[in-house]
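S.K.: just need the structure, nothing else, for what follows:
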Amino acid sequence: MSPDWLQDLEGSLPPGTCRAPAPGELDEPRGRWRGRAGIVAAPRSTDEVAAVVRFAAARGIAVVPRGGGTGLVGGQTLPEGAPILLSLDRMARIRGVYPVENVVIAEAGAILSDLQAAAAARDRLFPLSWAAEGSVRLGGALATNAGGLNVIRYGTAREVCLGIEAVLPSGAVMRGLKRLRKDNTGYDIRNLLIGSEGTLGVITAASMRLFPRPARQGTALFAVPGPEAGLDVLARAQEMGGVSGFELISGQGLRFLSETGARVRQPFAEPPDWSVLIDLGLGAEDDPDARLERLFSEASGAGLALDGVIARSGEQRRGLWAVRESIPEANRAIGAIVSNDISLPQSRIPDFLDACGRRLREVAADLRINCFGHLGDGNLHYNLFPPRGGDRSDYGHLADRLRDIVDAEVMGRDGSFSAEHGIGRLKVAELERYGDPARLDAMRAIKAALDPEGIMNPGAVLRG
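M.R.: Numbering: from 1, shown residues only. A predicted model of the protein is given here:
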């Protein structure tokens with residue numbers, strides 16, 4: 001970015017749009033990368049985003065879109081060069097809520113918790129939810145097709161999205177904020193942009209589905225003999241109906257909470273090896289506590305549940321969820337050797353856990369494995385840690401080998417090495433190794449057609 005170019009960019013935008021990076025704005029949350037930026041552009045409107053992209057396209061300058069910065073695969077950082085970091089944090093307006101249609105339209109910088117509150121104010125539910133929802137922004141959630149805690153009932157970000165407004169790499173604006181459930185008018189560019197991680201354009205706003213709010217909610221934590229029993233409990237719960245979330249928690253995760261001094265109340269005196277967290281959303285005429293009691297009675301009678309805690313109040317419900325949502329923080333405090341965001345056909349999960357654990361411990365017998373995540377949709381976070389008192393740096397020379405073992409066991413069972421975090425820069429080599437060749441060729445052709453100058457988030461998803 002030459003001084004003349006910088007002056008041209010600043011002159012084409014309202015005062016204060018361009019600035020230097022803020023502290024931490026260029027950092028990846030896990031510390032893998034520190035990005036670079038020639039300038040940060042923080043527009044307030046779609047037209048201003050288009051002006052930035054047109055400027056970059058005319059001069060061949062890279063553009064890296066940034067939402068809440070919570071991504072875990074480095075998609076929001078560019079370690080080399082001096083790109084324009086395009087921050088969407090000032091485009092946070094909720095443009096409209098349509099409760100009769102069950103639709104909300106919001107800009108890319110809208111924070112998920114604000115969308116949830118706006119929906120609740122109109123007696124509706126915005127279903128996307130995960131631990132970082134107080135900082136995650138809508139555009140980033142769509143750009144990575146994030147999942148979260150409620151996928152089992154409501155689907156991923158892609159399945160909740162009806163329409164997209166976006167700036168394409170040429171600077172042209174695609175105005176697709178329709179509120180329609182049916183619109184068969186050619187190629188679905190909306191779904192092309194969702195999950196593209198800023199490599200095909202910049203999402204500036206979206207129309208998203210809302211849902212009726214469950215009148216009554218219930219939450220329980222059951223200790224189970226193992227993941228296979230957990231899947232059996234899931235099947236029984238789904239037969240009863242109303243399952244909004246179903247999480248698998250390992251005893252290692254609960255022990256990490258104690259080890260790191262997490263301020264949560266442990267539900268069991270001794271952490272069970274495995275437990276499942278069940279969340280129900282029901283109508284006004286249904287009793288969630290009675291349904292969970294019946295589920296526990298049937299599960300325990302069949303040897304599928306060893307112990308259980310049923311929340312009897314909103315505070316107790318929040319406390320059980322706090323246990324689950326505190327596990328990633330404990331993981332970060334301890335420091336993982338390798339972190340894996342995987343998905344598997346649910347019936348293959350027990351076999352994967354047995355086989356993969358054995359192979360990993362043949363390489364490093366003292367590994368601690370913390371497996372937790374969204375059993376209801378087959379997405380697990382499978383993370384490897386040093387023994388207590390050890391340091392992950394002592395295992396750095398084994399990290400690639402350990403990751404290869406996990407990938408091989410996942411892909412050999414028709415799974416995915418990236419369930420909901422995306423590819424970013426971290427997993428480009430894995431995509432090249434395991435991706436279907438025809439699909440990769442099609443992706444490269446689409447990238448070349450829409451972004452011939454290669455300015456949009458270069459090096460993310462596809463190698464530059």
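
S.K.: helix, strand, or coil at residue 382?
M.R.: Here residue 382 takes the strand state, with states given by DSSP: H, G, I helix; E, B strand; the rest coil.

S.K.: so it makes contact with residue 367?
M.R.: No - in this structure, residue 382 is not within contact of residue 367 by Cβ atoms under 8 Å, at 11.5 Å. (Glycine included, C-beta is placed from N, CA and C.)

S.K.: the helices in the stretch 351-464 of the chain, which residues?
M.R.: Using DSSP state H, counting those that start in this stretch, the helices found in the stretch 351-464 of the chain span residues 399-411, 428-434, 437-450.

S.K.: packing partners of the helix or strand containing residue 246?
M.R.: Element membership of residue 246 [criterion: DSSP states H and E] is strand 243-250. Judged by 3 or more Cβ pairs under 8 Å, 6 or more residues apart in numbering; DSSP states H and E, the packing partners of strand 243-250 are helix 151-154, helix 227-240, strand 274-282, helix 314-334, strand 368-374.

S.K.: what's in contact with the fourth one?
M.R.: So that's helix 314-334. Helix 314-334 is contacted from outside by 30, 131, 217-221, 247, 249, 253-254, 256-257, 259-260, 262, 264-267, 277, 279, 309, 311, 339, 370, 372, 381, 383, 385, using Cβ atoms under 8 Å, 6 or more residues apart in numbering.

S.K.: if any of those residues are buried, give me the PyMOL selection for them.
M.R.: Selection of buried members from the contacts of helix 314-334 for PyMOL, criterion 16 or more other Cβ atoms under 10 Å:
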select buried, resi 30+131+217+218+219+220+221+247+249+253+254+256+257+262+264+267+277+279+309+311+339+370+372+381+383+385
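
S.K.: contact partners for residue 346?
M.R.: 231, 234, 375, 378.

S.K.: quick one: which of these has the most company?
M.R.: Most neighbours among the contacts of residue 346, by other Cβ atoms under 10 Å: residue 375, with 24 neighbours.

S.K.: re earlier: need the residues that contact the following helix or strand past the strand holding residue 246.
M.R.: Counting by DSSP H and E, the next helix or strand C-terminal to strand 243-250 is helix 251-259. Applying Cβ under 8 Å, 6+ apart, the external contacts of helix 251-259 come out as 262, 264, 266, 268, 271-275, 323, 326-327, 330-331, 333-334, 368-372, 388.

S.K.: kindly recompute the last result at 7 Å.
M.R.: For helix 251-259, contacts defined as Cβ atoms under 7 Å, 6 or more residues apart in numbering pick out 264, 266, 271-274, 323, 326-327, 330-331, 334, 368-370, 372, 388.

S.K.: narrow those residues to those that are buried.
M.R.: 264, 271-272, 274, 323, 326-327, 330-331, 334, 368-370, 372.

S.K.: now for these, which pair is the farthest apart?
M.R.: 264 and 369 (21.1 Å; Cβ to Cβ).

S.K.: okay, now the unreliable bits of the stretch 151-300 of the chain?
M.R.: Judged against pLDDT under 70, the stretch 151-300 of the chain has no low-scoring part.

S.K.: what about the closest residue to residue 215 other than its chain neighbours, how many neighbours?
M.R.: Spatial nearest neighbour of residue 215, excluding adjacent residues (Cβ to Cβ, 6 or more residues apart in numbering): residue 284 at 3.9 Å. Residues contacting residue 284 under the criterion other Cβ under 10 Å number 7.

S.K.: and the residue nearest to the spatial centre of the chain, helix, strand or coil?
M.R.: The chain has residue 146 as the residue nearest its centroid, 3.7 Å off, counting by Cα atoms, centre = their mean. Remark: residue 146 carries the secondary structure label coil [criterion: three-state DSSP].

S.K.: isn't it up against residue 420?
M.R.: Yes - if you go by Cβ atoms under 7 Å, residue 146 and residue 420 touch, sitting 5.6 Å apart.

S.K.: rewinding a little: can I get the CA coordinates of the strand holding residue 246 in PDB?
M.R.: Taking Å, rounded to 0.1, in the frame of the first residue of the first chain, the C-alpha atoms of strand 243-250 are listed here in PDB:
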ATOM      1  CA  VAL A 243     -34.400 -32.500  21.400                       C
ATOM      2  CA  SER A 244     -32.700 -29.200  20.800                       C
ATOM      3  CA  GLY A 245     -29.200 -30.200  21.800                       C
ATOM      4  CA  PHE A 246     -27.300 -33.400  22.700                       C
ATOM      5  CA  GLU A 247     -23.700 -33.100  23.800                       C
ATOM      6  CA  LEU A 248     -21.100 -35.700  24.600                       C
ATOM      7  CA  ILE A 249     -18.700 -34.900  27.500                       C
ATOM      8  CA  SER A 250     -15.700 -37.000  28.400                       C
END
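
S.K.: that strand: partners in the sheet, and parallel or antiparallel?
M.R.: Strand pairing for strand 243-250, determined by DSSP bridges: strand 274-282 (antiparallel), strand 368-374 (antiparallel).

S.K.: ok, the closest residue to residue 115 other than its chain neighbours - contacts?
M.R.: Nearest residue to residue 115 in three dimensions, chain neighbours excluded: residue 126, at 4.6 Å (Cβ to Cβ, 6+ apart). By Cβ under 7 Å, 6+ apart, residue 126 lies in contact with 104, 115, 116, 119, 208, 210.

S.K.: how about the residues you listed, which pair is most distant?
M.R.: So, the contacts of residue 126 by Cβ to Cβ: farthest apart are 116 and 208, at 11.2 Å.

S.K.: higher neighbour count, those two?
M.R.: Each of residue 116 and residue 208 has its neighbours counted (other Cβ under 10 Å); residue 208 has more, 25 against 18.

S.K.: ok, what's across the strand from residue 418?
M.R.: residue 341.

S.K.: what's the pLDDT at it?
M.R.: Note on residue 418: pLDDT of 94.

S.K.: compute the number of surrounding residues for it.
M.R.: 20.

S.K.: what do you get for residue 59?
M.R.: Neighbours of residue 59 using other Cβ under 10 Å come to 15.

S.K.: isn't it right up against residue 5?
M.R.: Yes - look at residue 59 against residue 5 with Cβ under 7 Å: they come within range, at 6.1 Å.

S.K.: ok, back up a step: pLDDT score for the residue nearest to the centre of the chain?
M.R.: On the pLDDT scale, residue 146 gets 89.

S.K.: who's in contact with the residue nearest to it when sequence neighbours are not counted?
M.R.: Excluding the flanking residues, the one nearest residue 146 by Cβ to Cβ, 6+ apart is residue 157, at 5.2 Å. Going by Cβ under 7 Å, 6+ apart, residue 157 touches 128, 141, 142, 145, 146, 194.
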